[in-house]
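>>> Coordinates for the following, if possible.
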Amino acid sequence: MSIGGKIKISALIEAPIDLIWQYYTDPEHIKKWNSPTPDWHTPLAENDLRVGGRFLYRMEAKDGSYGYDFEGVYTLINEREAIDYTIPDGRKVHIAFNEGLGVVDVRIAFDADDDHPVKAQRDGWQSILKSFRQYCENMAKKTRTI
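Predicted structure coming up:
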């Protein structure tokens, strides 16, 4: 377990909760938004969305210079409300989806690791959440115009 403390990030997303939930949990959608910058991508995403189920996302620099697996085991699934999981080093992550007036407030709290500066961890996760927000809002606009 990390001694680095909790890091918290959030985003207000203008999209229906049903779409947000689908995009956050469906591997085909995860591959499209799960990157901190345009020069990264997620070529592989697997997700067994149930308590005790596992997920695995392979994140790589598009130039092939670096990549890593991000994985965990779910400890809580409350559909359209919350997800908790533990990653292999024992750190815990909590994601809350709070639906409001035309927006969903997505809040993530995670245990910091001891190997990287807290600011770098916060910025990296926030950047991925920003990518998720943009993906959801763009997809929601497309579905409204159809």
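>>> For the rest of this, base every contact and every neighbour count on C-alpha atoms.
Noted.
>>> Can you check the pLDDT for the closest residue to Val103 other than its chain neighbours?
Of all residues not flanking Val103 in the chain, Glu14 sits nearest, at 4.5 Å (CA to CA, 6 or more residues apart in numbering). Listed pLDDT for Glu14 reads 96.
>>> Pull the contacting residues for Glu14.
Contact criterion CA atoms under 8 Å, 6 or more residues apart in numbering gives 102-104, 136-137 as the residues in contact with Glu14.
>>> Report the separation between it and Ala82.
From Glu14 across to Ala82, the span is 18 Å (CA to CA, to the nearest Å).
>>> now do Pro117
For Pro117, the distance to Ala82 equals 27 Å [CA to CA].
>>> same deal with Ala96?
Ala96 sits 4 Å away from Ala82, going by CA to CA.
>>> As CSV, could you dump the C-alpha coordinates of the strand with the most length in the chain?
Longest strand in the chain, counting residues (DSSP state E): strand 67-78. The C-alpha trace of strand 67-78 is given here as CSV (Å, rounded to 0.1, in the frame of the first residue of the first chain):
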residue,chain,number,x,y,z
GLY,A,67,4.3,1.2,-23.2
TYR,A,68,2.8,-0.4,-20.1
ASP,A,69,-0.2,-2.4,-18.9
PHE,A,70,-2.7,-0.8,-16.6
GLU,A,71,-4.8,-3.4,-14.8
GLY,A,72,-6.9,-4.1,-11.7
VAL,A,73,-9.6,-6.1,-10.0
TYR,A,74,-13.0,-4.6,-9.3
THR,A,75,-14.1,-4.5,-5.7
LEU,A,76,-17.3,-2.5,-6.2
ILE,A,77,-19.7,-1.9,-9.2
ASN,A,78,-22.8,0.3,-8.7
